[in-house]
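> mind looking at a prediction? Sequence and model below.
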Amino acid sequence: MYGSGLNKPLDGLSEELVNHLNTSGATIISIDTPSGLFIESSSLGNAIINAAYTLTFQCYKLGLLLQENAPFIGEVQVLDIGLLPDFLNQIISTAELLDEPKVRKVFKPRSRFAHKGTFGHALMIGGSYGKIGAVVLATKASLHSGAGLTTALVPKCGYEIMQVSAPEAMVIVDEMETHLTKLPDDIEKFTAIGIGPGIGTNPDTQKLLSFIIRRYRKPLVIDADGLNCLALQKDLLQQLAPYSILTPHPKEFDRLFGEHQNDFERISTAKQKAAELKIIILLKGHHTYVALPDSNGYFNSTGNEGMAKGGSGDVLTGIITSLLSQGYSPKDAVLLGAYIHGWAGDFAAQKYSKEAMLPSHTIECLGNVFIQLQEKI
């Protein structure tokens, strides 16, 4: 009935027909976009066809990539309708779909004569009483993503757990039993630092985050409770080193930057804040969105609903921190990290099922991803 040019909600006979079709029990296939769906703005509250499948033309439209439209679009298939490549290249867009060809341009195979010092030293800061598992996942993800050395900073209660769970990692122990309070004196020796998984929001831990932001002038990777601590001290946003990487899910994003009514508003704010603060914001979702300081952005095309489990974000933090430590630029570390995280999750879903797979299985399957990247070089 209506395509991507729609700019007002359906009403009258059109609305009645949509409601009738949605309750008919028939399998609905939408062409281009589901009728009633806006492409460049939120459609929440409008009458929209609930499609089981959407066959769209040539490339994804913005509205087909956002979580809020999931009930309407179903499974999306992009159909090549033969548009000339020169025409597509002339289209100016501030968002791209992150796909395998783009990632292959970023990926750097290892030199035969490399040694552990070639691939940097990553520090994972996290854990609190009852949440040591989060920093274990991040640490193991860092190891499996190629960091030359990985060290974990954990409270005392996490020492034995970390040594047994990740024997390849080194461990620094805080003097406090239940939460983190202090940083090591030689923090500058670490090539990259990821902070947040399982760290909690104790006032002492908030001070630790403040200290690291002011002292460590390389880009940081901040996730989970690191973001919640940052939301409690929003003045620190202005002090982040350029190209620091924040990886919030929508609720963490709203704690940082205020309440948003829909995903379109979040995308807009992410672009604005990334440019204003000169940082990279990775907004998690089915199609994770990466906002860059130059106002450009990317939607990820890998991953699946089986990854919607606690711990998946910790794995992503470990991967990005590891790539950053290996000398990838912050932009490339985020784009490659998001893509291979989702790709490993797709391998895990094939092996274990979407229901049974765990974030630890995603870590195990990172090897499959790197083998694939190597085989096709």
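That came in fine, so what should we check first?

> how close does Leu256 sit to Tyr298?
With distances taken as C-beta to C-beta, to the nearest Å, Leu256 is found 20 Å from Tyr298. (Glycine included, C-beta is placed from N, CA and C.)

> give me the neighbour count for Val164.
Residue crowding around Val164 was assessed by other C-beta atoms under 10 Å; the count is 9.

> any idea which element it lies in?
Using DSSP states H and E, Val164 sits within helix 159-165.

> mind listing what's buried in that helix?
Across helix 159-165, burial judged by 16 or more other C-beta atoms under 10 Å covers Tyr159, Ile161, Met162, Ser165.

> turn the residues you listed into JSON lines, including distance to Met124 and pLDDT.
Below are these laid out as JSON lines (distance: C-beta to C-beta, whole Å; pLDDT from 0 to 100):
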{"residue": "Tyr159", "distance to Met124": "14", "pLDDT": "97"}
{"residue": "Ile161", "distance to Met124": "13", "pLDDT": "97"}
{"residue": "Met162", "distance to Met124": "10", "pLDDT": "97"}
{"residue": "Ser165", "distance to Met124": "12", "pLDDT": "97"}
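
> biggest separation within those, which pair?
Tyr159 and Ser165 (11.0 Å; C-beta to C-beta).

> run through who's touching stretch 1-16.
Here stretch 1-16 makes contact (C-beta atoms under 8 Å, 6 or more residues apart in numbering) with 17-18, 31-33, 35-39, 43, 45-49, 61.

> run the last query once more with 7 Å
Identification of contacts with stretch 1-16 by C-beta atoms under 7 Å, 6 or more residues apart in numbering yields Val18, Asp32, Thr33, Ser35, Gly36, Phe38, Ile39, Asn46, Ala47, Lys61.

> any idea which residue sits dead centre in this structure?
In the chain, the C-alpha nearest the mean C-alpha coordinate belongs to Lys284, at 4.4 Å (C-alpha atoms, centre = their mean).

> hmm, Cys365 is touching Phe347, no?
Yes: with contact defined as C-beta atoms under 7 Å, Cys365 reaches Phe347; the gap is 3.9 Å.

> which one's more surrounded, these two?
Counted by other C-beta under 10 Å, Cys365 and Phe347 do not tie: Cys365 has more neighbours, with 22 against 19.

> which ones are touching that one?
Contacts of Cys365 (C-beta under 7 Å, 6+ apart): Ala344, Phe347, Ala348.

> so who does the last one touch?
Applying C-beta under 7 Å, 6+ apart, we find Ala348 in contact with Met357, His361, Thr362, Cys365.

> most neighbours of all these, which one?
That'd be Thr362 among the contacts of Ala348, by other C-beta under 10 Å, with 33 neighbours.

> was I right to think it contacts Val315?
Yes: taking contacts as C-beta under 7 Å, Thr362 lies within contact range of Val315: 5.4 Å.

> please enumerate the shared neighbours of these two.
Common contact partners of Thr362 and Val315 (C-beta under 7 Å, 6+ apart): His341.

> output the below-cut-off pLDDT ranges for the protein.
Residues of the chain meeting the criterion pLDDT under 70: 88, 376-377.

> which residues of it fall in helices?
Assigned by DSSP state H, the chain shows helices spanning 12-22, 70-73, 85-90, 100-106, 132-144, 159-165, 203-215, 225-231, 250-257, 263-277, 312-325, 330-352, 359-364, 366-375.

> what's the closest of these to Gly117?
helix 312-325 (11.2 Å).

> quick one, the closest one and helix 330-352 angle?
Per axes from the mean of the first three to the mean of the last three C-alpha atoms, to 10 degrees, the angle that helix 312-325 makes with helix 330-352 is 140 degrees.

> what about helix 312-325, distance to the chain center?
10 Å (C-alpha atoms, centre = their mean, to the nearest Å).
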